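Q: A predicted structure for the sequence below; I have some questions about it.
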Amino acid sequence: MDFTELYDQHAGRMFRLASAILRNPHDAEDAVQEAFLTVARKKDFYAAMSKEKLAAALTVIVKSRAIDILRRRTESADMDLIGQTLPDAAVSVTSGILLEEAIASLPGRQRDVLLLSCADGFTTAEIAEMTGLTRENVRKLLYRAKKQVRAYMEEETK
Amino acid sequence: MKEPINKKDWREAAGNVQKEWLKETDRFAALSEAPLPEGMEARLRAAWQADDAAGKPRLRRSFPRAAAVVITLLLLFGSLLAVDQKVQAQVQDWLQRSNQDHATSAYHTLLRFIGGTGYDRSLYRNAKGEAYRKYYGGAYLGMDDRLVICLTDTSAEITDAFQEALGDYSFTVRKVTYSYDELDEMMKYVSSRIQEEHIGGISSFGVNERDNCIEVRFSEEDRSEELFSLLGRDERDMFRFEEYTGFVVFDDETNDRIWLEILLKNGIIDGCRLTAHGDFEAARTALPEASEDRISEDIEETIRNKVAYNPIIIPLEKQVMEKGDLGKIAYKVYDEFEVYSNMSAEYPETVCCGETVPFNPHIGDILEGLKVGETITFTYDTAPDRHDNRKMTCDVTLLYIYRTEPAELSDDFVRANTGYGSVEEWRAALRRQLLRNGQPEGWERILNKLLPACEFSIDEEKLSAFAEKRKQSEAWFRKLIEEYLLVEAIAEEYGLSVTEADRNAYFEQNYYMSRDSQSAVTEERVLRQKVMDYMTFVP
């Protein structure tokens, strides 16, 4: 994978996303750098992806790195506090398809993991690497996400 | 009956949601309107290229990753000793970079309590803690930069014992299946069997403390079945297998020391001699960083900070907590399965009423109006990605309300807060540490003065064959051997030798080093430090 191509196509977007989360250009650059290094370690893997898949992967990677930095920066590790400072991108689905609504309603991290798994076909190990979570946590999040989606659909179709 | 959602439906729905999600994310990102920092492209490119050159994943700041970096070990160096020291070097590297002083200190205390882990067993002894090491399953740095201690038994009796050992340090407890000793024993067994049977294709293995397993990485194809058949016992749950084609690169100094060990152990230096050398005395060089004013200033600043951060605590008669009051509390966080934090009255936690308490934000809200001696219990939901969203219970007892006064520097203060016996002893130790900061550069200058005037007798044939076999630079090996011989010669010239006190000081400073590895290798390290100190005028 070529650095220039990756930089030109994605760096601006990645940096702005990190900036929006961290609100500090130095930390945002750190997040982008860590994300680039994640890609650098598996260039062939990322180079083989479609444009859409790569965009989704890079978004999750930089977001995860930014959250890691936010955690380190926040004196308290409690995610409740971090949650207050991190505006997550909401998803509004207008198609009216119940399954999509159910997926869109998931909390941020569950949704990220489910999308990477179901839409892009990434394995647990690959998602773990992108998000910085353990494989066990990825599996748990996936399990909970699917359970929640089913519960949502059951509730809506009662 | 529930209608199943098939894979195609999942994929299509997730794909559509993902498109919307990316659009929303872009809209959110656009809110920042932050311009790209000047020079970011060049910095990213440099990092990208550096990573290319290294060709390996960077060490993250976690003990398990450091332990997993045990890797590369046997197959590259064929020496369990080398493994230990590499792990130690990586852990030290982590410690330096992570800037987590409290976690570092607590980890050190923990190791002392349980008698060390596999590679530093001889260094840490504590008769009381030894009884608890069978419950110890490893430790690592949690997301909150606090130590997570893994225990095979998380009953109050056991967690209390660890809490007592760690004093007022607040840590998290996690229940695991295997003790560190069980994993370590299995790893050593695997190590010996791999060496005996010359199994190839394993790029690394080591104890992964975070995942409570032995992590084995294959550089080519999965050899797990071969490995299990070799082990002759089925402990599959203890292992995790991964494909890994990277290499671990150490800093130059660590790399040099590791390879010198290998040269020594393989007898490559046997028979090599320093036959002529220049004037050692003339080469002695005071370190440029060793300006007296600067050192004194740094020592005083360190002392001032230490005194400022350790004020005298004066309990008050006041009985009811009000906003802004400082208090000492005992508290315990638990659910039906585990005790996560437990601060006893002997080692109370400091809180300020009305302020967010870093170790548990919920505590700050309930302190106002609490009376001394009163215990309050409350429950709260954990965040989704911590503790599986479980409901936690927290008992908080207010022990006393207090005020602080600035501490004064005295021998008593030093004994209570630093581990040194007196102010004078502490100052001397600080001075030595500061002087040594510039020692690598100073030593390099000394070598540049001395080596050109030296003559060596080296077994070129043996050296060349060994370099070829190990696919390493012959010139680099020669430099390592020459420096080793030079150190020996300087030591002989000035009558420098390694004493028990030197070893103790060295291991105290490098507390992750293994005393099990007492050998020519260790002696060389200690002697080299002593020679460097002498040549650079470090007292």
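A: Structure received. Keep in mind that this is a model prediction, so the values were computed, not measured. Residues are numbered from 1 along each chain as shown, chains lettered A, B, ... in the order given.
Q: Which helix or strand contains residue B:150?
A: Residue B:150 belongs to strand B:147-151 when assigned by DSSP states H and E.
Q: Run the angle between the helix or strand just after that strand and strand B:147-151 for me.
A: Towards the C-terminus, the helix or strand next in line after strand B:147-151, according to DSSP H and E, is helix B:156-166. Here helix B:156-166 runs at 140 degrees with respect to strand B:147-151, directions being taken by axes from the mean of the first three to the mean of the last three Cα atoms, to 10 degrees.
Q: For the helix or strand following helix B:156-166, what does the pLDDT average out to?
A: For helix B:156-166, the following helix or strand on the C-terminal side (DSSP H and E) is strand B:172-175. In this model, strand B:172-175 has an average pLDDT of 85.
Q: Same question for strand B:172-175: list its buried residues.
A: When neighbours are counted by 16 or more other Cβ atoms under 10 Å in any protein chain shown, the buried residues of strand B:172-175 are found to be B:172, B:173, B:174. C-beta: built from backbone N, CA, C; applies to glycine.
Q: for the closest residue to the first one other than its chain neighbours, what are its contacts?
A: Here the nearest residue to residue B:172 in space, its sequence neighbours aside, is residue B:148; by Cβ to Cβ, 6 or more residues apart in numbering or on different chains that works out to 4.7 Å. Applying Cβ atoms under 8 Å, 6 or more residues apart in numbering or on different chains, one finds that residue B:148 lies in contact with B:139, B:140, B:141, B:142, B:171, B:172, B:173, B:174, B:210.
Q: again with residue B:459
A: Going by Cβ under 8 Å, 6+ apart, the list of residues near residue B:459 reads B:268, B:271, B:272.
Q: Please repeat the previous calculation with a cut-off of 6 Å.
A: The neighbourhood of residue B:459, defined by Cβ atoms under 6 Å, 6 or more residues apart in numbering or on different chains, consists of residue B:271.
Q: Residue B:137: what secondary structure?
A: Going by DSSP: H, G, I helix; E, B strand; the rest coil, the secondary structure assigned to residue B:137 is strand.
Q: confidence score at residue 9?
A: Since no chain was named, I'll use chain A. In the prediction, the pLDDT value recorded for residue A:9 is 87.
Q: Chain B was what I was after
A: At residue B:9, the pLDDT value in this model is 80.
Q: From the contact counts, what lies against the one helix or strand it maps to?
A: Using DSSP H and E, the element containing residue B:9 is helix B:7-30. For helix B:7-30, the contact count by 3 or more Cβ pairs under 6 Å, 6 or more residues apart in numbering or on different chains; DSSP states H and E identifies helix A:12-22, helix A:98-104 as packing neighbours.
Q: Go again with 8 Å.
A: Using 3 or more Cβ pairs under 8 Å, 6 or more residues apart in numbering or on different chains; DSSP states H and E as the contact definition, the elements that helix B:7-30 packs against are helix A:12-22, helix A:51-73, helix A:98-104, helix A:108-114.
Q: residues touching the residue nearest the centre of chain A, list them.
A: Centroid-nearest residue in chain A: residue A:60, 2.7 Å away (criterion: Cα atoms, centre = their mean). Residue A:60 sits next to A:112, A:116, A:130, A:131 when contact means Cβ under 8 Å, 6+ apart.
Q: of all those residues, which two lie farthest apart?
A: The two members of these with the most space between them (Cβ to Cβ) are A:112 and A:130, at 9.0 Å.
Q: Quick one: end-to-end distance for stretch A:106-126.
A: Distance between the boundary residues of stretch A:106-126 (Cα to Cα, to the nearest Å) amounts to 21 Å.
Q: can you list contacts of it?
A: With Cβ under 8 Å, 6+ apart as the test, stretch A:106-126 has contacts from A:45, A:53, A:56-57, A:60, A:63, A:88-89, A:91, A:103-104, A:127, A:130-131, A:133, A:135, A:138-139, A:141-142, A:144-146, A:148-149, B:10-11, B:13-15, B:17-18, B:21, B:242, B:384-385.
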